[in-house]
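Q: Turn this into a structure:
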Amino acid sequence: MNFLKKIRKSLKSSFPYELLKNYFPKVNYSFSETYGEDLFVNFFFKDLKKGFYVDIGCNLPKSGSLTYSLYKKGWNGIKVDISKRSIELNKIHRKRDINLNVSVGKDEKEVDSFIFYDNCSMNTVNKKFSKYTEKSVNKKPEINRISQKKLDTILKQNKITKINYLNIDVEGNESEVLSGFKISQFMPELVSIEIHDKICPPLENKIYKYFIKHKYQLASIYGWTYFFTLKGHNKTHFDV
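A: Have a look, this model is predicted:
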């Protein structure tokens, strides 16, 4: 029985399986993994047929994606992930997008990436967060060196001047991504970002304060994912 389980696990982690899985995703109404965050994204942009997204920590092209429904509607954007396998799959399934296998942070340098599984949603470049994941999945990560760029550099190199939707999901490295991004230059209409804080809403959290400082307001919360919109936007769910 254990032998059969190992074979099944090996098959389910293979590139051909992931390729087929993303051709035929299970979910029809929501592609995000747990809370249906993409339903809120779709509602927010229901009147915008074409737009531009930036998805940092994009993982798979369809399953678990907060931007796939927008892509289906005609949008395109930049997607970044530290998993080489993830970007290979995105290049096949999301050809209109710019797909980059790099880390994003406040410095331009080589960094360690902690890869637990190909396409694992908890792969990270944050060493502290990797220790938490190691206990959670009971597995030591493979440590690889990867190039890191500032988000501003990526946007400049690809001549991007407007962002409608920004998603940041990088397992504990979110503040580092924001440190290399001049948000005042782009002012995306909607931002989703993970905030790992015991207090909800996390009024004293560094990331929360960052968005309040830059004239954003909290729009909605789905698990660890917080949505921020520009102040005065009429699609806010509630006030804090």
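
Q: surely Ile56 meets Leu151?
A: Yes - between Ile56 and Leu151 a contact is recorded at 7.0 Å, counting by CB atoms under 8 Å. C-beta here means a position set from N, CA and C on the backbone, and glycine is covered the same way.

Q: Can you pull the residues that touch both of the two?
A: Taking CB atoms under 8 Å, 6 or more residues apart in numbering as the contact rule, Ile56 and Leu151 both touch Val104, Val177.

Q: which one of these two has more residues nearby?
A: Leu151 (27 against 24; other CB atoms under 10 Å).

Q: tell me the contacts of the more buried one?
A: Leu151 sits in contact with Val54, Ile56, Val104, Val177, Gly180, Phe181, where contact means CB under 8 Å, 6+ apart.

Q: of these, closest to Asn144?
A: Val104 (15.9 Å; CB to CB).

Q: Tell me how far Gly51 lies from Pro202.
A: Distance, Gly51 to Pro202, using CB to CB, to the nearest Å: 28 Å.

Q: Sorry, slip of the keys, the one I care about is Gln148.
A: 26 Å.

Q: from the contacts of Leu151, which two are the most distant?
A: Val54 and Gly180 (12.6 Å).

Q: These two: who's more crowded?
A: Neighbour count, other CB under 10 Å: between Val54 and Gly180, Val54 has more, with 27 against 18.

Q: Please compute how far the helix or strand encompassing the more buried one lies from its chain's middle.
A: Element membership for Val54 (DSSP states H and E) is strand 52-56. With CA atoms, centre = their mean, to the nearest Å as the basis, strand 52-56 stands 8 Å off its chain's centre.

Q: Sheet partners, orientation included, of it?
A: The partner list of strand 52-56 in its sheet, established with DSSP bridges, is strand 76-80 (parallel), strand 165-168 (parallel).

Q: Of the contacts of Leu151, just say which sits nearest to Ser69.
A: Val54 (16.0 Å).

Q: dump the residue contacts of the closest one.
A: Gly77, Ile78, Lys79, Val80, Leu151, Leu155, Ile160, Ile163, Tyr165, Leu166, Asn167, Pro188.

Q: Which residue, other than its chain neighbours, is closest to the third one?
A: To tie it back to what came earlier, the one meant is Lys79. Using CB to CB, 6 or more residues apart in numbering and skipping the chain neighbours, the partner closest in space to Lys79 is Cys58 (3.9 Å).
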